[in-house]
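1. Everything below, folded, please.
(one chain, ligands or ions: 1)
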Amino acid sequence: MARPPLDQVRTIGIISHIDAGKTTVSERILFYTGETHKMGEVHDGDAVMDWMPQEQERGITITSTATVCTWRNHRLNLVDTPGHIDFTIEVERSLRALDGAVAIFSAVEGVQPQSESVWRQADRYRVPRICFINKMDRVGADLRGTLRQMEEKLKARPVLLQLPVGEETGFRGVIDLLAAELVAFAEGDQGRTVSRGPVPADLLDAAREARDAVAEAAADFDDAILADLLEDKDISADRLRGALRRGVLACRIFPVLLGSALRNKGIQPLLDAVVDFLPSPLDVPPAKGQRPGSETVDELPCDPRGPFCALAFKVQSEEGRKLTYLRVYSGTIKAGGAVWNSSRGCFEKLARLFRMHAHKREQIEEAAAGDIVAAAGLKEVLTGDTLCDPAHRIVLEGLAVPEPVVSLAVEARGVDDRDKLLPALEKLQWEDPTFRVHEDEETGQTILTGMGELHLEVVVDRLQREFGVGVKTGRPQVVYRETITRPVERREVFRAEHEGKVQGGEVLLQLSPLPRGAGVRVSVPDAAEPGIGKELRDAAADSIGRACSAGSRTGYPLTDLEVRVAAVPVEPGVTTEAGVRAAAGRGLMLAARDAGLTLLEPVMNLEIVIPADYAGKVLGSVQQKRGRIEGISSQGDTETIRALVPLAELFGYMTELRSATKGRGTYTMEFSHHDRAPAEVLRRFGLEA
Ligand SMILES: Nc1nc2c(ncn2[C@@H]2O[C@H](COP(=O)(O)OP(=O)(O)OP(=O)(O)O)[C@@H](O)[C@H]2O)c(=O)[nH]1
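-> Sure thing, here's the model as predicted:
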């Protein structure tokens, strides 16, 4: 397929709560656009987008896969994103690469906790969205309730573009309010045939009223429409679409479409809406980046003739090599071309370029601004890196990577496994910046850290399946943080004799506590010591940064403190960079111990949805877990409990909740903040309680 003009490109993702139907919708999109010839069903475990074996078994989407398809002469780059909070970085990096999104809600469950948090992420990146209310065929489908929840929970303004025809299992089609037509989907040919006809007489009034509401929303973005409305004039569908599109691009309104992906209803109008309302690469603000070593922020308009610049939004390991998904923001690059990796500071080669289909790839000769492509041949690249023209070096704004909160010790099963373990873990880290590996200095164990139990479970599963590495695992543990509770000052002198010569360094450190969530701030004032070079200052700051990551006493990283290097006295002939490093690192460790060292534990935002009968029991158990109830709301016979609960109390909670509610309760959790760890944890680490 020749490259379409940029205004005919849509790069979109599908976001939703787990099980709302994202995979089923994606499958139908690929089918109706002619990308696949067989419809996959999630419940058969053969969906095309969910290609990883464990995804097929679990029936959930773990990694995002980019695929391309065509609708009404527009190229749709479709990026599948996961719905589980443990894979939030996948959502984050996908949103970073996207121009627009389709948010799917289940008409039965409405706006679920996960949809809320993904919605907020999309708000943060200002991603224009249209909404698809799926599962309209299910008993209990509640369109009005879902719309109300969008307003209340998401603080969004939905604009309903369709009315349902038939209810629940009788759901047959929709009224297209803009065109004022009935849209029906054939039962016989997997919904391929869509027919349009007049609105049935019994729905005429409702359709007219609903169309007026659409026109009123459009009028907010078009004064001429407003004037015509006041004069009661008819407004064409095209004019309404144009005005609504402006509202969508400004993230002020969210058109809502209806359907049942499983029953093959509503997908083609959804594709029309993607083309009609979601932005092309020309409609979104230019990418922003910084020139290395300068504070200036450059803007890169989407222009194939501009300097080359792309974001590596996903690095995937494939048979031991890297396959890198790129969003090209500016310029054009040919396969075989060299680029500058400005995040790593090295040249890289884009040996081969591919346009990715769900499970086949098409080799292409070049990639240009607005494209989503995959590249082979990059060696140093990691997720989130910027690749650019060496003559126009720039670093794009990075991804917000959350700190890991759970750790798991792993040990190779056999001798063979031992040799393969670390290389396999390294490859898994290319893909996932929220997954980290380190060695416990005391026990020599390999420790994995990540965003939740399921996150690490999937990593261990992949180690075994994809890399053939058998491992034994310990129990998941909370990743604590060290922090200080009072200010302290410490002078640290380091001396060592090397080949008969005394060398060393000296620093004066001032530590003070910072508020929760502030992180570590290291300052080395210029005036610390007149005449000390940049090298010594950088050495001190770098060494303090490392010492904070290593922790002072428990091995957990230090956080929420300010470290001021008040002086770096220089003794000519003695002071060396290595000496200053040693003094700063050791000084920091010892100073923190004198500063009322304590531990913080991660506290999670927990949202539990249960049948009302079980509310008392579940509330009681949350309180026993040192949980703080933040709110309870009920809808029908379902209760939603929101609480703040320390992560340490939540291991295995899935099993507990299921057995307490006869399998009917569900929950999601997300990191909220760090708080003081309880006395018994402090005592366990030999700290003052
Ligand atoms: N009745 C009905 N069931 C549906 C519909 N769409 C999807 N389902 C079913 O709902 C379940 C979840 O669908 P998925 O497509 O896997 O949902 P998902 O959002 O991709 O889930 P994750 O990949 O786990 O995030 C599957 O069993 C589907 O068959 C629908 O329109 N109606």
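2. if we look at stretch 522-538, which residues are touching it?
-> For stretch 522-538, the surrounding residues in contact (CB atoms under 8 Å, 6 or more residues apart in numbering) are 505, 540-541, 544-545, 548, 562-570, 575, 577, 580. For every residue, glycine as well, the C-beta is placed using N, CA and C.
3. among those residues, which are in strands?
-> Among these, the ones falling in strands (DSSP state E) are 505, 562, 563, 564, 565, 566, 567.
4. Can you report how many residues lie near the last one?
-> With neighbours defined by other CB atoms under 10 Å, the count for residue 567 comes to 18.
5. cool, and the first one?
-> Residue 505 is flanked by 29 other residues according to other CB under 10 Å.
6. Check the stretch 351-500 of the chain for the residue nearest the ligand and tell me.
-> As assessed by CB to the nearest ligand atom, the ligand sits closest to residue 454 within the stretch 351-500 of the chain, at 11.6 Å.
7. ok, now the stretch 551-689 of the chain?
-> Closest point on the stretch 551-689 of the chain to the ligand, by CB to the nearest ligand atom, is residue 668, at 11.9 Å.
8. for that residue, which residues make a bridge with it?
-> Residue 668 forms beta bridges with residue 607, as assigned by DSSP bridges.
9. distance of the residue of the stretch 351-500 of the chain closest to the ligand from residue 622?
-> 20 Å (CB to CB, to the nearest Å).
10. Where do the strands of the stretch 101-250 of the chain begin and end?
-> Per DSSP state E, counting those that start in this stretch, the stretch 101-250 of the chain has strands spanning 129-134, 158-160, 162-165, 173-176, 181-185, 194-197. These are given in chain order.
11. Ranking the ones you listed by mean neighbour count, which comes first?
-> Stretch with highest mean neighbour count among the strands of the stretch 101-250 of the chain: strand 129-134 (a mean of 27; mean count of other CB atoms under 10 Å).
12. Surely residue 446 is in contact with residue 408?
-> No: Residue 446 lies out of contact with residue 408 (CB atoms under 8 Å); the separation is 9.5 Å.
13. These two: which has the busier surroundings?
-> The neighbour comparison of residue 446 against residue 408 (other CB under 10 Å) goes to residue 408, with 22 against 19.
14. Report the beta-bridge partners for the more buried one.
-> With DSSP bridges as the criterion, residue 408 is bridged to residue 448.
15. Check the one 4 residues further on too.
-> Going by DSSP bridges, residue 412 is paired in beta bridges with residue 471.
16. now do residue 640
-> The partner residues for residue 640, given DSSP bridges, come to residue 609, residue 633.
17. Regarding residue 271, which helix or strand does it belong to?
-> Element membership of residue 271 [criterion: DSSP states H and E] is helix 267-277.
18. buried residues in that helix?
-> The neighbour-count check on helix 267-277 (16 or more other CB atoms under 10 Å) flags 267, 268, 269, 270, 271, 272, 273, 274, 276, 277 as buried.
19. got it, and stretch 509-521?
-> Going by 16+ other CB under 10 Å, stretch 509-521 has these buried residues: 509, 510, 511, 513, 520.
20. How about stretch 100-110?
-> For stretch 100-110, burial by neighbour count (16+ other CB under 10 Å) applies to 100, 101, 102, 103, 104, 105, 106, 107, 108, 109, 110.
21. The last one touches residue 145, doesn't it?
-> Yes: proximity of residue 110 to residue 145 meets the contact threshold set by CB under 8 Å, at 5.8 Å.
22. rewinding a little: the buried residues of stretch 509-521 in helices, which ones?
-> With DSSP state H as the criterion, helices contain none of the buried residues of stretch 509-521.
23. Just name the closest of the residues you listed to the ligand, please.
-> residue 520 (35.3 Å).
24. What sits closest to that closest one if chain neighbours are left out?
-> Once flanking residues are discounted, residue 520 sits nearest to residue 548: 4.9 Å by CB to CB, 6 or more residues apart in numbering.
25. residues near the one you found, how many?
-> Residues near residue 548, counting by other CB under 10 Å: 22.
26. separation between it and residue 443?
-> From residue 548 across to residue 443, the span is 22 Å (CB to CB).
27. Tell me, please, where in the chain the pLDDT is lower than the cut-off.
-> Regions of the chain meeting the criterion pLDDT under 70 cover residues 1, 37-65, 80, 82-92, 113-114, 293, 295, 358-359, 398-401, 527-531.
28. Can you pull the domain assignment for it?
-> As assigned by the TED database, the chain contains the domains 6-196+252-277, 287-396, 406-474, 481-595, 600-685.
29. Which stretch among those domains is buried most, on average?
-> Most buried among the domains of the chain, counting by mean count of other CB under 10 Å: domain 6-196+252-277, with a mean of 21.
30. Next, the distance between the ends of that domain.
-> 15 Å (CA to CA, to the nearest Å).
31. Likewise for stretch 255-272?
-> Start-to-end span of stretch 255-272 (CA to CA) is 12 Å.
32. Pull the distance from it to the chain's centre.
-> Mean-position distance between stretch 255-272 and its chain equals 25 Å (CA atoms, centre = their mean, to the nearest Å).
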